[in-house]
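*Asks:* model this:
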Amino acid sequence: MNRFDYQRSGQEQGLSAASAVGRAEEDVPLVVDLDGTLVNSDTLLESTLSLIRHRPSSILLLPVWLCRGKAVLKSKIAGRFQLDAATLGYRNDLVEYLQAEQAKGRRIILATAAHESTASSTSDHLKIFHEVFASTDSVNLKGTVKRDKLVEHFGEKGFDYIGDSKADTPVWMACRIGHIAGTMNSLPGAALAAGAQQGKVFATRRPGLKTWARAMRPHQWVKNLLVFLPTLLNHRLDLGIFKSLVMTFIAFSVVSSATYVNNDLFDLAADRQHPRKSKRPFANGDISISRGILLSLSLLIIGFLLGGLVGLPLEACLLSYLALTTLYSSFLKGKPIIDVIALASLYTLRLYAGGVVSGSFVSAWLFQFSIFLFISLAFVKRYSELRRLFHAGQDAAPGRNYRSADLSLIGQAGLSSGFMAGLVLALYVNGGEILRLYPNPEMLWGLCPLFIYWISRVWLIAHRGNMNEDPIVWAFRDRVSYIVGFLMAVCMLLASTRYRL
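*Replies:* Numbers count the residues shown, from 1 in each chain. Reported below is the predicted structural model:
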């Protein structure tokens, strides 16, 4: 059976349509697709990403499985990792429509190219399907294969169908009424010419620039300003160095956006259970997984091309950053304490990259201070998440290996690390190294109480439940942080003056 079997004469189409109209709607089975239709995601890609996250070595087997056919690929992935149907991103308006049709006594059928284990778990979760057709270990139920299966069971024009893409065109050509979910506005012309009637449209808006920007998180780029810090502390900024550092900042920003996309793709199930993260473009289905992968690859290419213009040392730093963030997103994120150290290391890597590019000396004092500071701020993020869970009556953080009972321990460790950063700062100010850089080093003592005030205030705000975002991004929006930063800059300026005060 092929598409030309459905391009009949006008008389044959008329007879078929008349037969369909003569049947009550509740007597016509309603068939619905899964990927991109019932759920705003692709379960194969989502399963693949989840498998890579839990078993990174499996990425070497994926090409081997794919060479044996897509049905084999789906079977092998399903045998090693099974998605939790409760965490999939369902299209709520469509689910409500299916529930209403079921209440009328209509048969609801799930027909999907997803593996039968995924389809069965979805059916068990929703409890609205009378029958399930899905891909097996040897058959990929897609396109004409799906059409033939449905026609065999229900007859031509003997069912209504809900799909989402041109891949569903053969099925629409064989159905009575074709409904659409997703970004398409109407049935393909071939389906209409074959006698299918236009049905309902469960529309999804195409992602605009604002949505793509949300996926890239440009507000997080403020963290990459750290690349300027070693040069400023060494008092050696000139136009050539400034240009290189600007390129470094842009390269890190683009690559970091790619890693944010990767992180969201690896963390879909957990994000959908989070009250704020569930609104992210990939978690709520505004941008498809396939487009997200293309976005990530494009950003990485641009970032490394920019890094190449600066030099190989920056390329090495960018590669290290990418490797660590990938390891964090796919594995370390679920390891308590280690995840915090990994986050702190990413910040310190930015400092190192800035020093390498500008040729500025990055002292051990700066490394120690940054590690303790960023460990403290990473603990702030975990503390805020756990506090929200605790007050919501939940025990575990989705995708993390923390418990509500860990709240006090995380708070103590984070605050202690912040004070350790303050101690390192005090020891540095009291050391002999600063005599080379500052004519009036005693003015730097003002940095210590200012920093201790700031880090204590950060933790006080987190303890009160008002830290709902990344603490570094929060600091760039906090008026008091700007005041503290200004006063610390004044202390450094006074210390740098060549006149004795």
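
*Asks:* For the closest residue to I302 other than its chain neighbours, list the residues it contacts.
*Replies:* Sequence neighbours aside, V254 is the residue nearest to I302 in space, at 5.2 Å (criterion: C-beta to C-beta, 6 or more residues apart in numbering). Every C-beta, even on glycine, is put in place using the N, C-alpha and C of the backbone. Contact analysis of V254 by C-beta atoms under 8 Å, 6 or more residues apart in numbering lists 299, 302-303, 306.

*Asks:* repeat that with 10 Å
*Replies:* 216, 221, 224, 298-307, 318 (C-beta atoms under 10 Å, 6 or more residues apart in numbering).

*Asks:* now L444
*Replies:* If you count contacts by C-beta under 10 Å, 6+ apart, then L444 has 425-426, 428-430, 434, 437-438, 488, 491-492, 494-496 around it.

*Asks:* Now restrict those to buried residues only.
*Replies:* 425-426, 428-429, 434, 438, 488, 491-492, 494-495 (16 or more other C-beta atoms under 10 Å).

*Asks:* Can you add neighbour count and pLDDT and give the contacts of V254 back as TSV?
*Replies:* Output for the contacts of V254, formatted as TSV (neighbours: other C-beta atoms under 10 Å; pLDDT from 0 to 100):
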residue	neighbour count	pLDDT
M216	20	94
W221	17	93
N224	21	93
S298	13	97
L299	21	97
L300	19	96
I301	12	97
I302	16	96
G303	24	96
F304	18	96
L305	12	96
L306	21	95
G307	26	94
L318	25	96
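
*Asks:* I'd like these laid out as a markdown table, including distance to F390.
*Replies:* Below are the contacts of V254 laid out as a markdown table (distance: C-beta to C-beta, whole Å):
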| residue | distance to F390 |
| --- | --- |
| M216 | 32 |
| W221 | 32 |
| N224 | 33 |
| S298 | 40 |
| L299 | 36 |
| L300 | 38 |
| I301 | 43 |
| I302 | 41 |
| G303 | 38 |
| F304 | 42 |
| L305 | 46 |
| L306 | 43 |
| G307 | 42 |
| L318 | 38 |
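
*Asks:* which ones among the residues you listed are found in helices?
*Replies:* When helices are assigned by DSSP state H, the members of the contacts of V254 inside them are 216, 298-307, 318.

*Asks:* Just give me the closest of these to L373.
*Replies:* L318 (22.8 Å; C-beta to C-beta).

*Asks:* pretty sure the closest one is in contact with L306, am I right?
*Replies:* Yes. The pair formed by L318 and L306 meets the contact definition of C-beta atoms under 10 Å, at 8.9 Å.

*Asks:* anything in contact with each of the two?
*Replies:* Overlap of the contact sets of L318 and L306 (by C-beta under 10 Å, 6+ apart) consists of 248, 251-252, 254-255.

*Asks:* Dump the residues you listed into JSON lines; add pLDDT and distance to A378 as well.
*Replies:* Formatted as JSON lines, the shared contacts of L318 and L306 follow (pLDDT from 0 to 100; distance: C-beta to C-beta, whole Å):
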{"residue": "T248", "pLDDT": "96", "distance to A378": "23"}
{"residue": "A251", "pLDDT": "96", "distance to A378": "23"}
{"residue": "F252", "pLDDT": "96", "distance to A378": "18"}
{"residue": "V254", "pLDDT": "96", "distance to A378": "23"}
{"residue": "V255", "pLDDT": "96", "distance to A378": "20"}
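
*Asks:* Quick check: of those, which lies closest to P313?
*Replies:* T248 (10.0 Å).

*Asks:* and the two most separated of the buried ones among the contacts of L444?
*Replies:* Farthest pair in the buried ones among the contacts of L444, by C-beta to C-beta: A426 and L494, 17.8 Å.

*Asks:* which regions of this structure lie under the pLDDT threshold?
*Replies:* 1-24, 397-399, 498-501 (pLDDT under 70).

*Asks:* Which parts of it belong to which domain?
*Replies:* Residue ranges for the domains of the chain, per automatic domain parsing: 3-203, 207-338, 363-501.

*Asks:* any idea how far D164 is from L34?
*Replies:* Distance of D164 to L34, given as C-beta to C-beta, to the nearest Å: 10 Å.

*Asks:* isn't there a strand covering E156?
*Replies:* No. Assessed with DSSP: H, G, I helix; E, B strand; the rest coil, E156 is coil; it does not lie in a strand.

*Asks:* Tell me how many other residues surround it.
*Replies:* 21 (other C-beta atoms under 10 Å).

*Asks:* Please apply the same query to L34.
*Replies:* Neighbour tally, L34, other C-beta under 10 Å: 23.

*Asks:* Now it: closest residue in space, sequence neighbours ignored.
*Replies:* T112 (3.6 Å).

*Asks:* now G158: how far from N40?
*Replies:* According to C-beta to C-beta, G158 stands 28 Å off from N40.

*Asks:* Mind checking which of those two has more residues around it?
*Replies:* N40 (25 against 19).

*Asks:* unless I'm mixing things up, the more buried one is touching A181, no?
*Replies:* Yes. Counting by C-beta under 10 Å, N40 touches A181, with 8.6 Å between them.

*Asks:* Between those two, which contacts overlap?
*Replies:* When contacts are counted by C-beta under 10 Å, 6+ apart, N40 and A181 are jointly contacted by 91, 94, 164, 204.

*Asks:* Check the contact between L30 and G158; I expect there is one.
*Replies:* No. The pair L30 / G158 is not scored as a contact, 11.6 Å apart, by C-beta under 10 Å.

*Asks:* what about G178, neighbour count?
*Replies:* Other residues within reach of G178, judged by other C-beta under 10 Å, total 26.

*Asks:* Moving C-terminal from the helix or strand where Y347 lies, which element do we reach first?
*Replies:* Here Y347, judged by DSSP states H and E, is contained in helix 338-358. Next in sequence after helix 338-358, counting helices and strands by DSSP H and E, comes helix 364-391.

*Asks:* Show me what that next one is packed up against.
*Replies:* Applying 3 or more C-beta pairs under 10 Å, 6 or more residues apart in numbering; DSSP states H and E, we find helix 364-391 packed against helix 229-233, helix 338-358, helix 407-429, helix 447-463, helix 471-475.

*Asks:* who does the helix or strand that contains A323 touch, helix- and strand-wise?
*Replies:* In this assignment (DSSP H and E), A323 forms part of helix 312-330. Here helix 312-330 touches helix 43-54, helix 239-266, helix 289-310, helix 338-358, going by 3+ C-beta pairs under 10 Å, 6+ apart.

*Asks:* rerun at 6 Å
*Replies:* If contacts are counted by 3 or more C-beta pairs under 6 Å, 6 or more residues apart in numbering; DSSP states H and E, helix 312-330 sits against helix 239-266, helix 289-310, helix 338-358.

*Asks:* which residues touch the host helix or strand of A495?
*Replies:* Assigned by DSSP H and E, A495 belongs to helix 479-496. The contact list for helix 479-496 (C-beta atoms under 6 Å, 6 or more residues apart in numbering) reads 438, 440-441, 443-444, 446-447, 450, 454, 475.

*Asks:* what's the burial count for the nearest residue to L386 once chain neighbours are set aside?
*Replies:* Closest residue to L386 apart from its sequence neighbours, by C-beta to C-beta, 6+ apart: L407 at 4.8 Å. Neighbourhood size, L407 [other C-beta under 10 Å]: 18.

*Asks:* Would you confirm that I287 contacts R280?
*Replies:* No. I287 is beyond contact range of R280, at 9.2 Å (criterion: C-beta atoms under 6 Å).

*Asks:* can you tell me which residues contact L306?
*Replies:* 247, 250-251.

*Asks:* go again using 7 Å as the cut-off
*Replies:* Applying C-beta atoms under 7 Å, 6 or more residues apart in numbering to L306 gives the contacts 247, 250-251, 254.

*Asks:* closest to T211 among those?
*Replies:* Set against T211, the nearest of the contacts of L306 by C-beta to C-beta is V254 (18.1 Å).
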